[in-house]
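**Student:** I need the structure of the sequence given here:
(3 chains)
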Amino acid sequence: MGSKGKILVEMYERLLRAFGPRHWWPGESPFEVVVGAILTQNTSWANVEKAIANLKKAGILTPLAMRRVDEDQLARIIKPSGFYRLKASRLKGFVDFFCREFHGDMDRMRSQDLGSLRKRLLNVDGIGQETADSILLYALGKPIFVVDAYTKRIFSRHNLISEKWSYGEVQSMVMGEIGGDVGMYNEFHALLVFLGKHQCRRIPRCDGCPLEGL
DNA sequence: GACCAGGCACATC
DNA sequence: GATGTGCATGGT
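**Tutor:** Residues are numbered from 1 along each chain as shown, chains lettered A, B, ... in the order given. So this is what the prediction gives:
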């Protein structure tokens, strides 16, 4: 493990000690996690929660029901999450893919090889790298590190990366350095988002931050 | 009323 | 490969 790896591990341990396990991803089923991953694209989680509550109330938080529902109606139901016409189309695209390729069965999807499954997900319209990796890690329990805006911001402020690094560069660095398991990737990313949300928006480093001195 | 939020696709250079 | 734009709501 290189010097960056040691810093990453120290960072992880401090965050875990300070905040405790985050129990991510919030969601009662793997399918709900996938839906949340699409709805939260460039959107606050509070808005996503409203949309998910609407979906539950309407009884369409299952692959088959979502496949049946009219796209315009789906758009109205998820309206609070923003970009609702776009996201309705993306949800439809995913359930079509999911039912076509895996018979709407998460276990069947999970049984696929990580690398090829990732490529197939990236091939679905509206699923980019972060959404694909969130699905792989949080819905399917695959060992992959999710990179997001918070992750990049925090890592660059601690001089582990430059802001300009690509998604893949950040991900490869982390996975190469720490070689973590599913549980660690899960918890680490959740903790970084928690820290990012609550403490490190604009301020480079904040007082009382568990990462102080790193 | 500006600014932000757990991105992505597409056009253009 | 880098940069710019549309997509839209709800909270601060």
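
**Student:** C-terminal to the helix ranked longest in chain A, which secondary structure element comes first?
**Tutor:** Determined from DSSP state H, the single longest helix within chain A is helix A:84-102. Tracing the chain C-terminally past helix A:84-102 and defining elements by DSSP states H and E, one meets helix A:106-110 next.

**Student:** Mind exporting the C-alpha coordinates of that following helix to PDB?
**Tutor:** Taking only C-alpha atoms (Å, rounded to 0.1, in the frame of the first residue of the first chain), the coordinates of helix A:106-110 have been written out as PDB:
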ATOM      1  CA  MET A 106     -32.300  -9.200  -9.100                       C
ATOM      2  CA  ASP A 107     -30.700 -12.500  -8.100                       C
ATOM      3  CA  ARG A 108     -30.300 -13.400 -11.800                       C
ATOM      4  CA  MET A 109     -28.700 -10.000 -12.400                       C
ATOM      5  CA  ARG A 110     -26.400 -10.400  -9.400                       C
END
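
**Student:** which residues in chain A form helices?
**Tutor:** Using DSSP H, the helices found in chain A span residues A:3-19, A:30-39, A:45-57, A:63-68, A:71-77, A:84-102, A:106-110, A:114-122, A:129-134, A:149-157, A:167-178, A:182-198.

**Student:** who touches the closest residue to DNA strand B within chain A in this structure?
**Tutor:** Nearest residue of chain A to DNA strand B: residue A:128, at 2.3 Å (C-beta to the nearest atom of the strand). For every residue, glycine as well, the C-beta is placed using N, CA and C. Taking C-beta atoms under 8 Å, 6 or more residues apart in numbering as the contact definition, residue A:128 lies against residue A:122.

**Student:** Pop out the phi and psi values for it.
**Tutor:** When read as degrees, to the nearest 10, the backbone of residue A:128 gives phi -100, psi -170.

**Student:** So it versus residue A:118, what's the distance?
**Tutor:** Separation of residue A:128 from residue A:118 (C-beta to C-beta, to the nearest Å): 11 Å.

**Student:** ditto for residue A:165
**Tutor:** Taking C-beta to C-beta, one finds residue A:165 at 19 Å from residue A:118.

**Student:** Find the nearest non-adjacent residue to the residue of chain A found nearest DNA strand C, please.
**Tutor:** In chain A, the residue that lies nearest DNA strand C is residue A:82 (2.5 Å; C-beta to the nearest atom of the strand). Nearest in space to residue A:82, with sequence neighbours left out and distances taken as C-beta to C-beta, 6 or more residues apart in numbering, is residue A:43 at 5.0 Å.

**Student:** How about the contacts made by the one you found?
**Tutor:** Contacts were defined as C-beta under 8 Å, 6+ apart; by that measure residue A:43 touches A:81-83.

**Student:** Spit out the contact partners of the residue nearest the centre of chain A.
**Tutor:** The residue at the geometric middle of chain A, judged as the C-alpha nearest the mean C-alpha position with C-alpha atoms, centre = their mean, is residue A:134 (3.4 Å). By C-beta under 8 Å, 6+ apart, the residues touching residue A:134 are A:25, A:33, A:37, A:146.

**Student:** Same question for residue A:126.
**Tutor:** Taking C-beta under 8 Å, 6+ apart, we find residue A:126 in contact with A:38, A:41, A:86-87, A:89-90, A:93-94.
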